[in-house]
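Asker: Structure here, sequence nowhere to be found:
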């Protein structure tokens, strides 16, 4: 039987605020345990939550970026469950009326000729607080609780069950990951837990309308694990069904060491969260004027920028996507382009994605830390474009600038004497010398050996130490040898 | 709607309450009384009335995103039953 895979993702993005969502504690990462947990965060009696305005701004930014509806009035609810790292006994979240609903993300699955486009619809995005951390090791049979993370603002972003393979799920997660960083609402640091995904996975016979029973894989904190976990889970579900066992709704964890998913809790003892509106918080009202103000501060979105790069600059879809992988990358490219001129868009793109990206990657540097400024790179491209240097020499100029030998391409070319010789008279004299010194090759060429001609070109280029224009040398040689 | 003893046992478990057999019966009767009041409320015709999420008809006040809290861990942990290395210790929990 052919099976269809159905995947929906829930992503928790930690919002880039300074303070917690309902209190004035810092959310800086890496502090000593519990020093950033105040009376509200540890749930002392009589405390009241007060909503952080910036967390709401982040939600509005996200809603605008994905073309969603932003609720003029949304409600905070209590999600009740008992766990020691949740000292109130409930998490403040949103249930019936989330701040953001609808919208979606265009994703590209695969690359090159086999790439396909897809639109993943979002169900909702809501504001909520994070819980603390439980440490189960090294406390003589006790569990240690650190509440620094309790109350950290999260945006939970929920998709429709729109994805049909692990590759689509990963493509969506990557696109979302890039977007939340692009609009500056989340630092995207997956190691520190700033961006974590849960995947709801089910399978059904191809063509069947009803969804199969799903299992939820919790806390996927890398794209590689997401792919592995979904692939394993799908195969497991298909095997179960084919062996005549029904899938039970359950929450599962992925174990990176074994590459397997295992059940954490089944539906019978699943949480009954008993949601109800939090009486401590009033309805959140967001007016059109506030939405317009936040929208005015949003940067150009990656998709719009890709279309502009492809449409106005004539770059390929792949180049446009690569150059907009991050806002820093796009900013570098645009700065280099402004300096090199739009007619050089393609070579600028090639240098940014090729030589520069490779070198940054090799040295483990981000583009912001590039030793070569966008203007310096543009200078190199300009000198190739006006035939001052060849592509080969340009690499040497690039290396020299990378090493800090000179303030710009012109200074390096001047100091090293790398200017391409385009003076016909000078090249002609050189060619004559080469012909005189290589009488044997000349003879062989005249006798019909094409290879001998290449040897002569090589000799001429060597004589100029690579500074002559190869095309000019070839033309002159041909002319002198009688064509 | 009315609750039976099984419902009460389940609700008690969700609320982490330990009820004796006698308490379970009194609790059942009390909860059913409350449900009776709610039935009275639900009998009122609310057609055309917008539901409220809060009894007070005002909107949420927002706080500027500023860190205003300082570290009071020592004070809090002085009254905690058990702490170690800055952590609150609780009976071992494994999900």
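Answerer: Here it is on my side, so go on. The structure presented is a predicted model; accordingly, all values stated were derived computationally and were not measured.
Asker: So which elements touch the worst-scoring helix or strand of chain B on mean pLDDT?
Answerer: Across the helices and strands of chain B, mean confidence by mean pLDDT, DSSP states H and E is lowest for helix B:5-14: a mean of 90. Using 3 or more C-beta pairs under 8 Å, 6 or more residues apart in numbering or on different chains; DSSP states H and E as the contact test, the elements touching helix B:5-14 are helix B:21-42. Yep, even glycine has a C-beta here, placed from its N, CA and C like the rest.
Asker: Let me see the mean pLDDT of the helix or strand following the helix it packs on.
Answerer: Remark: after helix B:21-42, the chain's next helix or strand is strand B:62-63, criterion DSSP states H and E. What strand B:62-63 shows for mean pLDDT is 97.
Asker: Tell me the strands beside strand B:62-63, with direction?
Answerer: When sheet partners are counted by DSSP bridges, strand B:62-63 sits next to strand A:51-52 (parallel).
Asker: for stretch A:285-300, how far is the first residue from the last?
Answerer: Chord length of stretch A:285-300, first to last residue, is 26 Å (C-alpha to C-alpha, to the nearest Å).
Asker: Same check on stretch A:308-320?
Answerer: OK, stretch A:308-320 end separation, C-alpha to C-alpha: 8 Å.
Asker: Tell me the buried residues in that stretch?
Answerer: For stretch A:308-320, the neighbour count (16 or more other C-beta atoms under 10 Å in any protein chain shown) marks A:309, A:310, A:313, A:315, A:319, A:320 as buried.
Asker: a markdown table for these, including distance to residue B:22 and secondary structure?
Answerer: Converted to a markdown table, these look like this (distance: C-beta to C-beta, whole Å; DSSP: H, G, I helix; E, B strand; the rest coil):
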| residue | distance to residue B:22 | secondary structure |
| --- | --- | --- |
| A:309 | 75 | helix |
| A:310 | 75 | helix |
| A:313 | 80 | helix |
| A:315 | 78 | coil |
| A:319 | 76 | helix |
| A:320 | 73 | helix |
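Asker: Residues contacting the strand ranked longest in chain B, please?
Answerer: Taking DSSP state E as the assignment, the strand of chain B that covers the most residues is strand B:87-91. Outside strand B:87-91, the residues that touch it by C-beta atoms under 8 Å, 6 or more residues apart in numbering or on different chains are A:33-34, A:84, A:135, A:139, A:142-147, B:77, B:80-83.
Asker: Can you flag which of those belong to helices?
Answerer: residue B:77 (DSSP state H).
Asker: and the least confident of the contacts of strand B:87-91?
Answerer: Minimum pLDDT across these is recorded for residue A:139, with 78.
Asker: residues contacting it?
Answerer: Neighbours of residue A:139 in contact, by C-beta under 8 Å, 6+ apart: B:84, B:87, B:89.
Asker: give me that answer again for 10 Å
Answerer: Each residue near residue A:139 by C-beta atoms under 10 Å, 6 or more residues apart in numbering or on different chains is listed here: A:145, B:82, B:84, B:85, B:87, B:89, B:90, B:92.
Asker: Are any of those buried, and if so which?
Answerer: Buried among these (16+ other C-beta under 10 Å): A:145, B:87, B:89, B:90.
Asker: who does the longest strand of chain B pair up with?
Answerer: For strand B:87-91, pairing defined by DSSP bridges yields strand A:142-146 (antiparallel), strand B:83-84 (antiparallel).
Asker: sorry, back to before: check the buried residues of stretch A:308-320 against chain B, which are close?
Answerer: Residues of these in contact with chain B (C-beta under 10 Å from any C-beta of the partner chain): none.
Asker: What is the nearest of those to residue A:457?
Answerer: residue A:319 (32.6 Å; C-beta to C-beta).
Asker: My read is that residue B:35 contacts residue B:1, right?
Answerer: Yes. Contact between residue B:35 and residue B:1 holds when scored by C-beta atoms under 10 Å: they sit 5.6 Å apart.
Asker: Comparing those two, which residue is more hemmed in?
Answerer: More crowded of residue B:35 and residue B:1, by other C-beta atoms under 10 Å in any protein chain shown: residue B:35, with 12 against 9.
Asker: any idea how far chain A is from that one?
Answerer: Residue B:35 sits 15 Å away from chain A, going by C-beta to the nearest C-beta, to the nearest Å.
Asker: which strands and helices sit next to the longest strand seen in chain A?
Answerer: Ranked by residue count and defined by DSSP E, the top strand of chain A is strand A:116-129. On a contact count with 3 or more C-beta pairs under 10 Å, 6 or more residues apart in numbering or on different chains; DSSP states H and E, strand A:116-129 meets strand A:3-14, helix A:53-65, strand A:77-80, strand A:90-93, strand A:100-101, strand A:104-109, strand A:153-159, helix A:166-182.
Asker: if you look at the second one, does any of it touch chain B?
Answerer: What it means is helix A:53-65. Yes. Using C-beta under 10 Å from any C-beta, we find that helix A:53-65 touches chain B at A:53, A:54, A:55, A:56, A:57, A:58.
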